[in-house]
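Novice: sequence first, predicted model second:
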Amino acid sequence: MPQTNKSRNAPTSDSWGSSVQGGASAKDTEPVSRRETAGEEGGGEGEDNVGDSEIIKSPSDPKQYRYIELDNGLRALLISDYSGPAEGEDSDEDDEGEEEEEEDESGEETEEDDEDRGSDDDEDYDHDGKNKKGNAEKQSAAALCVGVGSFSDPSDLPGLAHFLEHMVFLGSEKYPSENGFDSFLKKHGGSNNATTDCERTIFQFDVQRKSFKEALDRWAQFFICPLMIRDAIDREVEAVDSEYQLAKPSDSSRKEMLFGSLAKPGHPMGNFCWGNAQTLKQEPKKKKINVYKRLRAFWKKHYSAHYMTLAVQSKEKLDTLEEWVREIFSKVPNNGLPKPDFSDMPDPFETPAFNKLYRVVPVRKVHALNITWALPPQEKHYRVKPLHYISWLIGHEGTGSILSVLRKKCWALTLFGGNSESGFDQNTTYSIFSISITLTDEGFQNFYEVTHLVFQYLKMLQTLGPQQRIYEEIQRIEANEFHYQEQVDPIEYVDDICENMQRFPKEDFLTGDQLMFEFSPEVISAALSLLTPEKANLMLLSPEHEGQCPLREKWFDTQYSVEDIQQEWMERWTGSLELNSDLHLPAENKFIATDFTLKPSDCPDTEFPVRIADSDRGCLWYKKDNKFKIPKGKLVVLFDLLVNILGHNLAEPAYEAEVAQLGYKLAAGEHGLAIKVKGFNHKLPLLFHLIIDHLADFSASPNVFIVYPFVSFCFSLLPSESLPSLDVRLLILEHSRWSMVEKYQALTAGLTIDKLMEFCRSFRTELYTEGLVQGNFSSAESVQFLQYVTDKLQFSKLPAEVPVIFRVVELPLKHHIFIFSVLPLISAAFFHVSLCRYHVYPTCRNTSGVLGFSVTVATQATKFNTELVELKIEEFLASFGETLNALTEEAFNTQVTALVKLKECEDTHLGEEVHRNWAEVVTQQYVFDRLYREIEALKQMTRAELVSWFQEHRGQNCRKLSVHVKEGEKGDITGSTYGEVSKLTFLPTSPKMAGAVAIMDIPAFTKDLPLFPYHKILE
C-alpha cells in the first residue's frame, strides 16, 4: 500500500477501506477550476459571505474561505460554515472566573469499537449516539502552526521545543488559572491538543460554537502573554518524560531515533527531540542551567507572529471571523527575527554508516525489513509528487507487484512504501523514501532474496521510465475523491490546513497535499534514479536477533548491530541486474468510477432505514441519501459464518478497488461475518460481487493454509493494546465466549485443510443474511445486493433463530477482582499504551444489552502498581459522590444541556449515519431513532434521579468487577516468531485488596452464576 499521511479523504467513523492519497485532475477529469473558487458557490450564504477568489476548493465543499494577513505578520485562513441564521441559542452565562481544576483531558472512550475488534457483535462500546466527541460542523475549531520545532532545540537542552509546547498552556496574564483553559473547554464540550515536529509545532482546539470567541481569546493568550508558571516546571517535565516513556516501547519511534543517529554530526536529525527528565531536569541541574529562563528566551525568540499560520472554522460569517481574529491575534508579538532555516544542511545521511545492514531487536514479535533512502527535499515538487507516483507502484498489491510475488512465496504479509510527510520523513534538509515489509518466518530467512526482488522492481521502473497512463490513472482516482470529498471534523481540518499554510502558496492551501497537478517525467525520473542499492539503508528487525546485537541506541536503548551488506548481493544488485518476469506494471483499473449521477428516489424519502425485502433467508434495510448528496454508498451484510482465509484470497483481486477509493472490510464475529463495502456507487456492486464470488468459490491452497491463518491471527493481535483487559472482562461477563487464547489453541490443535473445506461446505447450506444499503442507490438497485447473495450462495433458511448477542452473567454482590499477567506478544503492545499518564477515562458499558459503568486507568507501570490505582479510583468515586450531592440544579442543568448539544450535533458525513444505523441492524434492535430518544430522556432526567442512581450502585447492592493487567516476565523465545500468544498467569490479590474476592479460575467462578435473558434496549 502506498504510504500516506493525509486525513481528509473518506473520513468515516468506521475507518476501514482505502488509505491512499487524494489526487488531482487529469485531462478528462476536472475536480475544480480556478473559476470555481472559494467564494462562488455560497450554498445559500448570500453575497455578504463571499470567500477569497484565489483559493481553490472542491465543488462539494460548502464552506467559504478568506485569507488575511495581520499587521504583525500572522497569516490566517478564515473558514465559514455559515448556512443561515442559527436557531435561538442560549446566552453564555457561565462563570468566567476560576474553574475547577481537572488533571486529565481525555476524550470519549471508544476503545472497543466493533470495527477495531473485527467483530460486529456490538457487545461493548461507548454508546453516546455519535461514538465520538465533537464530530460535527456545529463544533467550532482553530489551529495555529508555529514555524519552529525540535530542530531548533539548543544542544544543551534536548527536547526544549517539546517542553515549551506543554508549558505555554499553563495560564496567561489575562486568564491566570493554570488549568483554566482545559476546564473551560470541558465545560463547553471542547478538546485541545498540541504536537511538536521537526520544524513545526501545532496547537489546536474545538468547542461549542456559542463559546468559540471566548475560547479563541483564552487560547490566543498563550501566544501573547503566557505565564509558564515556574512552580509547574517539575510537573510538566514529568509529563514530557511520560510521553518519552510511552514512546520507548514503540518500534516506529525506536527506528526513527536509531535512524536519526546515523546523520552527520551537528545535523539536528541526530537530536533527541522528545526530551525527558534527564535532559530537562537532571542534567541542567548538574550544569547549573536555568531551564525556566531558557524556556522564556526560546518562546521570545521563536514564537513570533510572522511565522505563525492560523486556521479558524465556525458557523459564523467570514466578516465576523475576520473581526474576531484581528481583534484577538493582532496582539501576538513579532520579534522581527528571521525564521529558523535548515536548508543549508543538505544530505545529512551521506555517511559511511548509512549504506549498511542494521539488525535490530524489536519490541513487537515481528519480522520486518525496511529499505530506506534519504533524498534531496522533494516538497518543492508538490505539484508533481514524484514520491507518491513511485510509492503507488511500489506499494501496489495487484498482479505483478512486489507484494503479490512475495505472498505467492509466503515470504511477506504486508508492504508499505513511500513518504509519510511527517517532519521525520520530509523537511527542508532531506526527504525519506522507505519500503517496509512485514515478513513471515520464511521471508526472514530469505531477506536478501526479498531485497533482491525489490531492487528488480525498481530496476524495471527505471528502465521503463515514468508512465503517463499510470500517472493520469492516479490523477483520475484522486480527482474523483477530491471532487466528492466528504466533510471532516473541524479540529482535524484546521490542523491540516494551518500546516499547509506553511508549505504551499495561498491558492493551494486546500489542494497542495491532495492533488497531483502535472505529469513531469523528468522530475519523477530524477527521484527514481536515486533509489539505488548503493544509497540504500537496510534495517532488519526480528526478535531472533536477541543476544546477537551488542550495540545500544542512546535514548531508547534499542539493541542493534551493524554490518556490511554481503558483497555477493551488492555485486548482483549494482551489476547487470536481471529483471524478473513475474514483475510488471499494473493493468488498467476497472474499478475507477466514471458515473457520478445522483440517483432519483424510486420510493418515498424516509428519515430512517426501512425494510424493503424480507424472507426466511434474509432481509434488507434501505435508506436513500438525500442529505449529503455524494455519489457514494455503503452496504453491510451479516452472515452466520466464520471465514479465515477469505481476506487473503481477496487481497490481490480487490486491491485495485481499494486504490480506486472503494473500501471493503470482512469482520468475523462470534455470531457471523459482516461484509462491508463503501465508496463511489458506480463500481461498488462490482466489488461486492467480487467478494461474494470468492466466498461462494472459497478455496485454500496448502501453503496459504499453513502460513496465513496462523501468522495473520497472531499478527492481528499486535497493535491491540486494549485486548488483554477487554478479552478477560468479556470472558467473565459473557456466557459461552471464546477467549483469544482458546481460539489460538483451537487453531493449532490439528486443524487441517480438509476440516476447513468441510466446514466451508457445511456452513453455506443454512444461512440468514441481513443487510443495510444506504447512499446513492435506488431501492430497486439495493434489492439486487441481497438477491445476488442468495442466488450465488444457494443456501437454505436456518432451522431456528440464532441470537446475535451473548447472554451476560449476573455478577454476585461484593467486589470481585481478577489479577493476571500477560506474556510477550500482547504485553509489549499493551504496556506501550499503559505508560501514558493521560489514559484515564470513565465510560458507559453496553455489554450485549446489559448496561454498566467503568473507570479505566492505564498507568506507567514503573511508577504506580494496579492496586494503588484501584484505591485511587475508589477515593475519587467517594469524593465524586460528595461532589454530586453538592451539585446545584443550575450546574446539573448545565451538564445536561452540554450533553444534549453534543448528541444534537449534525452528522458531518454519510459514514456517521451509516455507522449508527448499522449498530441497530447488527444487534437486531432497529431503534433507528435511538439518538432522539436519548435526547428526550436526558431532557426529562432530574438531579435527584442521578444522585439516587449513583448511590444505589455504590451501596450494598453494588456488583463490582475489577480486572488488573500486569506485565509478565519474558520467557525464552522458541520456534516461530509468531508462535506464541499471550498466556494468562493468574495472580493472587495483595493485602491492599483485602476486601475483594479473588477470581483464580474463571470457569469455576462463572459456572453457577445466573444469566440475564437475551436483552435488547428498545426503550
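Specialist: Cool, got the structure.

Novice: who touches the longest helix along the chain?
Specialist: Assignment by DSSP state H gives helix 866-885 as the longest helix of the chain. Residues from elsewhere that reach helix 866-885 (C-beta atoms under 8 Å, 6 or more residues apart in numbering): 819, 855, 857, 859, 946-947, 950-951, 954, 962, 964-966, 990, 992-993. The C-beta positions use only the backbone N, C-alpha and C, and glycine is treated the same way.

Novice: what do you get for stretch 167-179?
Specialist: Contacts for stretch 167-179 (C-beta under 8 Å, 6+ apart): 98-99, 101-103, 180-183, 192, 194, 217-218, 221-229, 232-233, 236, 295, 299, 303.

Novice: please enumerate the strands of the stretch 851-1000 of the chain.
Specialist: Secondary structure of the stretch 851-1000 of the chain (DSSP state E, counting those that start in this stretch): strands located at 959-967, 984-987, 997-998.

Novice: mind giving me the packing neighbours of the first one?
Specialist: Right, the one you point to is strand 959-967. The contact analysis (3 or more C-beta pairs under 8 Å, 6 or more residues apart in numbering; DSSP states H and E) places strand 959-967 against helix 723-733, strand 814-822, helix 824-834, helix 866-885.

Novice: could you do the last one as well?
Specialist: Here strand 997-998 touches strand 814-822, going by 3+ C-beta pairs under 8 Å, 6+ apart.

Novice: orientation of the strand it packs on relative to strand 959-967 in degrees?
Specialist: Strand 814-822 runs at 20 degrees relative to strand 959-967, counting by axes from the mean of the first three to the mean of the last three C-alpha atoms, to 10 degrees.

Novice: other SSEs contacting strand 814-822?
Specialist: Where contact means 3+ C-beta pairs under 8 Å, 6+ apart, strand 814-822 is packed against helix 723-733, strand 959-967, strand 984-987, strand 997-998.

Novice: on that earlier part again, mean pLDDT for the helices and strands packed on strand 959-967: which is lowest?
Specialist: Of all these, mean pLDDT reaches its minimum on helix 824-834 (a mean of 35).

Novice: give me the buried positions along whichever helix or strand comes after that helix.
Specialist: Counting by DSSP states H and E, the next helix or strand C-terminal to helix 824-834 is strand 840-847. Within strand 840-847, the residues scored as buried using 16 or more other C-beta atoms under 10 Å are 840-843, 845-847.

Novice: tabulate these in TSV, adding columns for pLDDT and distance to L620.
Specialist: Below are the buried residues of strand 840-847 laid out as TSV (pLDDT from 0 to 100; distance: C-beta to C-beta, whole Å):
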residue	pLDDT	distance to L620
V840	75	43
Y841	73	37
P842	80	38
T843	82	33
R845	85	31
N846	85	26
T847	86	28
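
Novice: got CSV for the residues you listed, with distance to N271 too?
Specialist: Below are the buried residues of strand 840-847 laid out as CSV (distance: C-beta to C-beta, whole Å):
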residue, distance to N271
V840, 31
Y841, 33
P842, 39
T843, 39
R845, 44
N846, 46
T847, 47
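
Novice: identify, from those, the entry nearest to F608.
Specialist: Nearest to F608 among these, counting by C-beta to C-beta, is N846 at 20.2 Å.

Novice: what bridges to that closest one?
Specialist: In this structure, N846 bridges to L851 when assessed by DSSP bridges.

Novice: related to what we said a few turns ago, among the contacts of stretch 167-179, name the buried ones.
Specialist: 99, 180-183, 192, 194, 217-218, 221-224, 226-228, 232-233, 236, 295, 299, 303.

Novice: which of those residues fall within helices?
Specialist: 180-183, 217-218, 221-224, 233, 236, 295, 299.

Novice: can you name the two of the residues you listed that are farthest apart?
Specialist: D217 and I233 (26.0 Å).

Novice: can you give me the helices in the stretch 151-300 of the chain?
Specialist: 160-167, 180-187, 212-224, 233-247, 251-260, 277, 283-287, 291-302 (DSSP state H, counting those that start in this stretch).

Novice: nearest to P59, out of these?
Specialist: Nearest of the helices of the stretch 151-300 of the chain (C-beta to C-beta): helix 212-224, 27.4 Å.

Novice: which residues does the closest one contact?
Specialist: Against helix 212-224 from outside (C-beta under 8 Å, 6+ apart): 92, 96, 140, 142, 144, 146, 168-169, 172-175, 180-181, 184-185, 188, 190, 192, 203, 205, 207, 303, 305, 308, 312, 314, 316, 324-325, 328-329, 331-333.

Novice: starting at the chain centroid, how far to it?
Specialist: Relative to the chain's own centre, helix 212-224 is displaced by 28 Å; criterion: C-alpha atoms, centre = their mean, to the nearest Å.

Novice: try stretch 950-961
Specialist: Per C-alpha atoms, centre = their mean, the centroid offset for stretch 950-961 relative to its chain is 36 Å.

Novice: flag every buried residue along it.
Specialist: 950, 960-961.

Novice: and the end-to-end length of stretch 149-164?
Specialist: 10 Å (C-alpha to C-alpha, to the nearest Å).

Novice: so for that stretch, mean pLDDT?
Specialist: 96.

Novice: centre of the chain to that stretch, how far?
Specialist: Distance, centroid of stretch 149-164 to centroid of chain: 27 Å (C-alpha atoms, centre = their mean).

Novice: kindly report the same for stretch 466-474.
Specialist: Per C-alpha atoms, centre = their mean, the centroid offset for stretch 466-474 relative to its chain is 30 Å.

Novice: likewise stretch 142-153?
Specialist: With C-alpha atoms, centre = their mean as the basis, stretch 142-153 stands 22 Å off its chain's centre.

Novice: try stretch 922-940
Specialist: So, by C-alpha atoms, centre = their mean, the centroid of stretch 922-940 is 28 Å from its chain's centroid.

Novice: first vs last residue of it, how far apart are they?
Specialist: End-to-end distance (C-alpha to C-alpha), stretch 922-940: 29 Å.

Novice: for it, which positions count as buried?
Specialist: Across stretch 922-940, burial judged by 16+ other C-beta under 10 Å covers 922-923, 925, 927-928, 930-931, 934-935.

Novice: just stretch 64-76 next, same as before
Specialist: For stretch 64-76, by 16+ other C-beta under 10 Å, it's 64-68, 70, 74-76.

Novice: cool, and stretch 517-535?
Specialist: Buried, per 16+ other C-beta under 10 Å, within stretch 517-535: 517, 519-521, 523-524, 527-528, 531-533.

Novice: for stretch 604-618, same thing?
Specialist: Neighbour counts over stretch 604-618 (16+ other C-beta under 10 Å) mark 609, 612-613, 617-618 as buried.

Novice: please apply the same query to stretch 334-354.
Specialist: Using 16+ other C-beta under 10 Å as the test for burial, stretch 334-354 gives 340, 342, 345, 348-349, 354.

Novice: any chance of those in JSON lines, plus secondary structure, pLDDT and distance to F433?
Specialist: Listed next are those as JSON lines, based on DSSP: H, G, I helix; E, B strand; the rest coil; pLDDT from 0 to 100; distance: C-beta to C-beta, whole Å:
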{"residue": "P340", "secondary structure": "coil", "pLDDT": "93", "distance to F433": "25"}
{"residue": "F342", "secondary structure": "coil", "pLDDT": "96", "distance to F433": "20"}
{"residue": "M345", "secondary structure": "coil", "pLDDT": "95", "distance to F433": "19"}
{"residue": "P348", "secondary structure": "coil", "pLDDT": "96", "distance to F433": "15"}
{"residue": "F349", "secondary structure": "coil", "pLDDT": "96", "distance to F433": "12"}
{"residue": "F354", "secondary structure": "coil", "pLDDT": "96", "distance to F433": "14"}
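
Novice: nearest to K285, of the residues you listed?
Specialist: Using C-beta to C-beta, those come closest to K285 at P340, 27.5 Å.

Novice: gap between that closest one and T597?
Specialist: 51 Å (C-beta to C-beta, to the nearest Å).

Novice: could you do E882 as well?
Specialist: 62 Å.
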